[in-house]
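> next comes the sequence, and after it the predicted model I'd like to discuss.
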Amino acid sequence: MTKTRGRILVVDDEANAREALAELLEDDGYETATAADGEKALAALDCFRPHVVLTDLKMPHLDGIGLIEQGRPRSPATAFIVMTAFGSIENAVEAIKKGAENYLTKPLDLDAVSALVERAMEKSLLVSEAADLRRRLDQRFSFDRILGVHPSMQRLLKMVAQVAASRATVLVLGESGTGKELIAAALHQNSPRRNKPFVKLNCAALAETLLESELFGHERGAFTGATGRREGRFMKADGGTLFLDEVSEIPLSVQVKLLRFLQEREFERVGGNETLRVDVRVVAATNRVLEDRVQSGEFREDLYYRLNVVQLDVPPLRARRSDIPILAEHFLAKYAEENGRSIEGFSEAALLALRLYPWPGNVRELENAIERAVVLTEGSQIEASNLPSARGQGDQQDLGVMIPGVSLAELERMAIERTMDAVGGSTSKAAEILGISRRKIQYRLKEWATADASD
């Protein structure tokens with residue numbers, strides 16, 4: 001069976017009009033259903049579960065505005081588009097205030113129908129996919145705070161689920177701010193060790209002597225200031241998981257003892273002779289290229305292979321831009337609640353600016369940006385001008401535009417054209433990076449080519 005582009009419900013009391021529109025939408029690859037009035041449409045919301053509803057405003061029994069008022073709470077992810085005669089634009093405006101996505105005037109312009117439906121479908125599918133992902137993660141994995149619908153994140157989470165139950169040592173790689181610690185926590189939470197300790201240590205935060213003591217513990221008198229025996233992180237993590245962040249920064253002398261533990265599962269405290277054995281799973285992480293440090297002699301090759309039994313690569317945020325709106329909405333809800341702010345969401349220009357920015361600090365930088373925007377915005381939604389990515393001079397040069405100062409259409413064109421250049425003209429790759437449909441990119445390119453030719 002051919003996969004459809006989504007489900008659309010056409011609601012109109014004129015039989016010929018609704019059937020003709022449904023047929024046209026089916027030709028565009030959508031699955032359709034029809035209803036003659038608002039009451040029948042409400043029933044279809046439950047059984048057909050449309051992504052988009054195209055509804056006439058004036059209908060018997062229950063009109064379009066009534067359908068929106070009653071339908072949105074029942075199907076929050078569904079996008080409603082109203083159709084109205086040219087002389088009744090004020091009714092369409094009222095419908096938008098009630099929650100409609102947009103409106104079309106009759107007689108319908110087929111290009112306008114196609115563009116609005118595609119845009120509404122993308123939004124509805126994104127909301128549905130995000131909700132479905134959260135539901136599935138809650139049911140299957142309990143991956144707290146890990147959000148992502150992009151294929152790269154789906155693959156990563158699937159691999160986490162597969163690896164979690166094993167005893168294998170895991171090496172988590174990724175840039176700073178991508179969420180490597182969250183991945184390590186997810187491995188622990190979904191393993192048989194979940195009820196045992198999850199112990200963390202940043203290996204770059206301590207001097208060599210202190211790091212060795214923190215890992216393996218020490219005996220009284222082992223060094224100046226060692227006034228008594230102290231248990232190390234390995235002992236504290238017995239039965240559970242030890243997460244070694246920035247493992248690339250471990251000094252060579254400590255690497256030897258870590259290698260011994262991974263090989264033999266035993267160690268001695270600093271200054272002690274007693275050999276200790278514990279049951280600890282090691283998960284390590286780094287933002288460095290460990291192969292380069294092996295080549296330079298800064299990291300033992302045998303330790304690298306012992307750590308890299310299973311490798312998990314956390315993608316940078318710029319490589320999964322379709323996740324940016326989901327993460328942004330999550331952080332908005334979090335910090336709006338913390339700060340007692342009532343903020344509805346993001347303007348379209350703000351969402352596009354978020355997608356365009358390269359996010360060198362990844363998810364951590366995005367979270368900080370949203371928290372700042374929540375604190376500083378004076379309106380009911382976040383605008384592009386509230387975002388740090390739209391301010392500093394370096395950011396403006398990266399975008400090649402001044403925000404505010406350009407239209408949403410100009411931002412959209414720049415995003416699509418730059419991404420197309422970056423992927424060698426592949427519309428499918430550009431669509432995946434931007435989180436929009438391939439057909440929308442093709443439509444926009446054709447539109448711009450026509451406009452440029454007429455200039």
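Here it is on my side, so go on. Residues are numbered from 1 along each chain as shown.

> so where do the strands sit in the stretch 251-400 of the chain?
Taking DSSP state E, counting those that start in this stretch as the test, the strands found in the stretch 251-400 of the chain are 266-268, 275-277, 281-286, 310-313, 345-346, 381-382.

> for P251, find the nearest of those.
Distances from P251 to each of the strands of the stretch 251-400 of the chain were compared by Cβ to Cβ, and the smallest falls on strand 281-286, at 14.6 Å. Yep, even glycine has a C-beta here, placed from its N, CA and C like the rest.

> how about D37, phi and psi?
phi -160, psi 180 (degrees, to the nearest 10).

> who's in contact with the residue positioned nearest the centre of the chain?
Most central residue of the chain, judged by C-alpha distance to the mean C-alpha position with Cα atoms, centre = their mean, is D323 at 2.8 Å. Residues in contact with D323 (Cβ atoms under 8 Å, 6 or more residues apart in numbering) are 147-150, 153, 317, 435.

> of those residues - the most surrounded one?
For the contacts of D323, counting by other Cβ atoms under 10 Å, the largest number of neighbours falls to L317: 27 neighbours.

> how about the most far-flung residue of the chain relative to its centre: what's its closest non-neighbour residue?
The outermost residue of the chain, judged against the average C-alpha position, is G221 (50.1 Å), by Cα atoms, centre = their mean. Once its chain neighbours are removed from consideration, G221 has its nearest residue in G271; the separation is 6.6 Å (Cβ to Cβ, 6 or more residues apart in numbering).

> how close does that neighbour get to R233?
Distance check for G271 against R233: by Cβ to Cβ, to the nearest Å, it reads 17 Å.

> which one of those two has more residues nearby?
Legend: neighbour count by other Cβ under 10 Å for G271 and R233, higher for R233 (20 against 15).

> so that one makes contact with L201?
Yes: with contacts defined as Cβ atoms under 8 Å, R233 counts as touching L201 at a distance of 5.2 Å.

> so what sits against both of those two?
Common neighbours of R233 and L201 (criterion: Cβ under 8 Å, 6+ apart): 214-215, 242.

> next SSE downstream of the lowest-mean-pLDDT helix or strand in the chain?
For the chain, using mean pLDDT, DSSP states H and E, the weakest element among its helices and strands is helix 393-399, scoring a mean of 40. Scanning forward in sequence from helix 393-399 by DSSP states H and E, the next helix or strand is helix 408-422.

> mind listing what's buried along that following helix?
Under the neighbour-count criterion of 16 or more other Cβ atoms under 10 Å, helix 408-422 has 411-416, 419-420 buried.

> and what of stretch 112-128?
113-128.

> any low-confidence regions in the stretch 351-455 of the chain?
The model of the stretch 351-455 of the chain has pLDDT under 70 over residues 388-406, 422, 453-455.

> at 90 what do you get?
Along the stretch 351-455 of the chain, segments meeting pLDDT under 90 span 351-359, 378-380, 383-455.

> which of the contacts of D323 lies closest to V10?
Of the contacts of D323, the one sitting nearest to V10 (Cβ to Cβ) turns out to be G435, at 26.6 Å.

> list the contacts for that closest one?
Counting by Cβ under 8 Å, 6+ apart, G435 makes contact with 122, 126, 150, 321-325, 355.

> in CSV, list these along with distance to L307.
Converted to CSV, the contacts of G435 look like this (distance: Cβ to Cβ, whole Å):
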residue, distance to L307
E122, 41
L126, 37
H150, 27
R321, 31
S322, 31
D323, 28
I324, 31
P325, 35
R355, 35
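
> helices - which of those residues land there?
In helices, judged by DSSP state H, the following of these are found: 122, 126, 324-325, 355.

> which of those lies closest to V172?
Once Cβ to Cβ is applied, the member of those that ends up nearest V172 is I324, at 21.6 Å.

> quick check, nearest of the contacts of D323 to E23?
When these are compared for distance to E23 (Cβ to Cβ), G435 wins out at 29.6 Å.

> distance check, that closest one against L351.
Applying Cβ to Cβ, the value for G435 to L351 is 10 Å.
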